[in-house]
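Asker: next comes the sequence, and after it the predicted model I'd like to discuss.
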Amino acid sequence: MRSKLVLASASPFRRALLKNAGIDFEAQAADIDERAVEAPLLKSGVSPEDAALVLALAKATDVGGERPGALVIGSDQTLSLGDEIFHKPADMEGARRHLLKLSGKTHQLNSAVVIVRDGETLWQHVGIASLTMRPLEPGYIGRYLSRVGDAALTSVGAYQLEGIGVQLFDKIDGDYFTIIGLPMLPLLAALRDLGAIDG
């Protein structure tokens, strides 16, 4: 009998990716304070990739504690511009500042995914995508934000690439699933290797 699969996430995007791939899973949001977990990491100078991995593991471990025997998938994504890590903007002014900082520059999305069972990490991966935002005039940023509204606050970069956010970019190097926040191809390969899905 296969282990139950649990996605430790409240993200509708991650849930949709697994559902669309035909994976039978349950979803349960982790009950952790992400900023509290991240604060000591940032002080220690950990890389944005490793920060995403630690957060993904914290989510999976939290949910896994309530799901003995289950394979728990934890995932997290950081956005980095050089050494600076961005978080979801708290308000529209924060979204405007994000876009002004990212304008004309190349940033990274670091999407970490882990699989744990009964406290043991069975597999981990970090997918990285590089996105080059075109130079944006402040007036355009204001018009863009008024068009997308509060949706800008649900994304760490204040954009949704699957929507009109694609208009902000000149160049994208990386996997679509990594950009959305769950590197699906490596994850599916790991689930097949673990015998969790048909392969």
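Answerer: Here it is on my side, so go on.
Asker: now the phi/psi pair for residue 66, please.
Answerer: phi -100, psi 0 (degrees, to the nearest 10).
Asker: you'd agree it is up against residue 28?
Answerer: Yes - taking CB atoms under 8 Å as the definition, residue 66 is a contact partner of residue 28 at 7.5 Å. Any C-beta I mention is one placed from the backbone N, CA and C, and that applies to glycine too.
Asker: higher neighbour count, those two?
Answerer: residue 28 (19 against 13; other CB atoms under 10 Å).
Asker: next structured bit after the helix or strand of the chain with the lowest mean pLDDT?
Answerer: Lowest mean confidence among the helices and strands of the chain (mean pLDDT, DSSP states H and E): helix 34-43, at a mean of 79. Counting by DSSP states H and E, the next helix or strand C-terminal to helix 34-43 is helix 48-64.
Asker: that next one - contacts with which helices or strands?
Answerer: Counting contacts by 3 or more CB pairs under 8 Å, 6 or more residues apart in numbering; DSSP states H and E, helix 48-64 is packed against strand 5-8, helix 34-43, strand 71-81, strand 106-117, strand 120-133.
Asker: buried residues in the longest one?
Answerer: Residues 122, 123, 124, 125, 126, 127, 128, 129, 131, 133 are the ones in strand 120-133 that count as buried (16 or more other CB atoms under 10 Å).
Asker: how about the second one?
Answerer: Along helix 34-43, the positions that meet the burial threshold by neighbour count (16+ other CB under 10 Å) are 37, 38, 41.
Asker: ok, so of the residues you listed, who is nearest residue 99?
Answerer: Closest approach between the buried residues of helix 34-43 and residue 99, by CB to CB: residue 38, at 22.2 Å.
Asker: now do that closest one against residue 60, distance only.
Answerer: 16 Å (CB to CB, to the nearest Å).
Asker: tell me who's in contact with the residue nearest to residue 62 when sequence neighbours are not counted.
Answerer: Using CB to CB, 6 or more residues apart in numbering and skipping residues adjacent in sequence, the residue nearest residue 62 is residue 30, 4.3 Å away. Counting by CB atoms under 8 Å, 6 or more residues apart in numbering, residue 30 makes contact with 8, 9, 58, 59, 60, 62, 63, 74.
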